[in-house]
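Enquirer: build me a structure from this.
(2 chains)
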Amino acid sequence: MNDDMRILQSYLDGELTAEQAAAVENRLAREPEWRRELEALRQLWSVVDSAPVTPDAGSLWPGVSAGLAGRRRHQPWTLTQGSLAAAALVAGLMLGFGVGSLPGESTEVAAGETPTDYLQDEVPTLDAMWLQLGSSSEDSGS
Amino acid sequence: MIDDDTLMTQTARGDEDAFRLLVARWEQPVVAFLVYMLGSIDEAQDLAQDTFLKVYDQAARYEPGGRFRSWLMRIAGNKARSTLRRRKVLRWVNFDLTSHDQAAPGDDPAQSLERQETSRRVRAAVARLPERQRQAVVLKRFQDFSYKEIAEVLDTTVPAVESLLQRAAEALRHELADDIEPAQREVGS
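Expert: Numbers count the residues shown, from 1 in each chain, chains lettered A, B, ... in the order given. Below is the predicted model of the structure:
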């Protein structure tokens, strides 16, 4: 029965291929129980759909913009292209005068490096998401 | 209309106007999603703001591919989950949005009251769903996400999403039996 419900739910949501949908329609034509089940699902979602939350959020931009400005104020060492270029120029001059880095010491700065105070919960890239898609099949959070 | 991927590319270059357009485009869906997850408009707005700041921070890491809204809702969902964990209330949330039910033009007071009462019961039933079932239902019913997109948001598979929605349907049918029973009786007769 659970599998039947799952199939009917996918059918209602338009998630089946044309071939799968045709198979469901054949079965619906033959089995009144399936028709009842489909109609019950339709009714359920129609009731649920009738109660959307449409909060009048107003614009979030003033708060977001203030957040960006606040973080800029608290990130005096953020590396911009300009500051990187200036640093490279100074480093070049120092090397020119024989003031180099210690042997084996790296002077590289990763592009896009930022202070990490705001990056508490890492968001995986979409590619990482795709890689993980096949590994979890259970509703572990519930 | 400039697509989301282009706006994200511009945002990654530090273009705040592009980012502002993205916020304007997506703030309503994100807040609505978070209201359903948290049950509080104020908290949802705060977290939506955090979500967009996170988007800005992570813009350089975003890989364009037409999947911005899944990525966005995944960030919002992660933030909602962290908040719920802090509250130690993963199973359900309080839900008080009665004041947001507006009477439809032409509704008589009795109809309006009944509609509000149904909405309240539906929201309460959705709010009592386990967190991941609730996310799947909200993304499907109110944001019109495909199963694949929901799987991306929840970091799971399409069959797992089918299972979440099927279990949610069972729970909601039980919870909302009084609201759907008349229709079922007609079909069954």
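
Enquirer: remind me, longest helix of chain B?
Expert: Under DSSP state H, the helix in chain B containing the largest number of residues is helix B:16-38.

Enquirer: would you put the C-alpha positions of it in CSV?
Expert: Presented in CSV, the C-alpha positions along helix B:16-38 are these (Å, rounded to 0.1, in the frame of the first residue of the first chain):
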residue,chain,number,x,y,z
GLU,B,16,26.0,44.7,-4.7
ASP,B,17,23.3,45.9,-7.1
ALA,B,18,23.2,42.4,-8.6
PHE,B,19,23.0,40.9,-5.1
ARG,B,20,20.2,43.3,-4.2
LEU,B,21,18.2,42.1,-7.2
LEU,B,22,18.7,38.5,-6.0
VAL,B,23,17.5,39.4,-2.5
ALA,B,24,14.4,41.2,-3.9
ARG,B,25,13.7,38.2,-6.1
TRP,B,26,14.0,35.5,-3.4
GLU,B,27,13.2,37.1,0.0
GLN,B,28,9.5,36.2,-0.1
PRO,B,29,10.0,32.5,-0.8
VAL,B,30,12.8,32.2,1.7
VAL,B,31,10.9,33.9,4.5
ALA,B,32,7.7,31.8,3.7
PHE,B,33,9.9,28.6,3.8
LEU,B,34,11.5,29.6,7.1
VAL,B,35,8.1,30.6,8.6
TYR,B,36,6.9,27.0,8.0
MET,B,37,10.1,25.6,9.4
LEU,B,38,10.3,27.8,12.5
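
Enquirer: wait, does that helix contact chain A?
Expert: Yes. If you take C-beta under 8 Å from any C-beta of the partner chain as the test, helix B:16-38 does meet chain A, through B:16, B:20, B:23-24, B:27-28, B:31-32, B:35-36. Using the backbone N, CA and C atoms, a C-beta is placed for each residue, glycine as well.

Enquirer: give me the PyMOL select line for the residues you listed, limited to the buried ones.
Expert: To isolate the buried ones among the residues of helix B:16-38 next to chain A in PyMOL, judged by 16 or more other C-beta atoms under 10 Å in any protein chain shown, type:
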select buried, chain B and resi 16+20+23+27+28+31+32+35+36
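
Enquirer: what angle separates the helix or strand following the longest helix of chain B from helix B:16-38?
Expert: Counting by DSSP states H and E, the element after helix B:16-38 in chain order, helix or strand, is helix B:41-58. Put simply, helix B:41-58 runs at 140 degrees to helix B:16-38, going by axes from the mean of the first three to the mean of the last three C-alpha atoms, to 10 degrees.

Enquirer: packing partners for helix B:41-58?
Expert: The helices and strands touching helix B:41-58, judged by 3 or more C-beta pairs under 8 Å, 6 or more residues apart in numbering or on different chains; DSSP states H and E, are helix A:61-73, helix B:16-38, helix B:68-87.

Enquirer: buried sites along it?
Expert: B:41, B:43-58.

Enquirer: state the mean pLDDT of it.
Expert: Averaged across helix B:41-58, pLDDT comes to 94.
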